[in-house]
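Novice: sharing a model prediction with you, sequence too.
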Amino acid sequence: MDIETVTEKVEKVSEGYAAAFGIDRDATWFMLKLQEEAGELTQSFLRLTGQARTKGKTDEELAAGFRAEIADVLCQTLLLARHHGVDLMAEVEAKWLVWLEQR
């Protein structure tokens, strides 16, 4: 699945979530939601690496939680980029992949 297809599917999920909970997804919401998810990823990482309480979760549950939080951060990043009309693949190519051409 390509990034545009993933983004559109994630958008539909987010729209449904917002409608169900009466959320106005404005520019501030997209930014703060990404920050919230980044915080949850950090918390999950700390648990996974033994630097925070595990709350009785098994190693596999901790690893699964970490993977899920990475997915949340990715999806919120896709939504933020979509909201602001950012061509994320073009930006990745310009910022990161350009370095492959300089080798």
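Specialist: That came through, no problem.
Novice: let me know the pLDDT of residue 103.
Specialist: Residue 103 carries a pLDDT value of 70.
Novice: for residue 69, which residues are in contact?
Specialist: Neighbour list for residue 69: 37, 40-41, 43-45 [criterion: C-beta atoms under 8 Å, 6 or more residues apart in numbering]. For every residue, glycine as well, the C-beta is placed using N, CA and C.
Novice: tell me how far the ends of stretch 49-57 are from each other?
Specialist: 13 Å (C-alpha to C-alpha, to the nearest Å).
Novice: follow-up on the earlier one: which of the contacts of residue 69 lies closest to residue 65?
Specialist: Residue 65 has its nearest neighbour among the contacts of residue 69 in residue 44, at 4.9 Å by C-beta to C-beta.
Novice: residues in contact with the closest one?
Specialist: Neighbouring residues of residue 44 by C-beta under 8 Å, 6+ apart: 62, 65-66, 68-69.
Novice: which stretches in this structure count as helices?
Specialist: Along the chain, the segments classed as helices by DSSP state H run 3-21, 27-48, 59-83, 88-92, 98-101.
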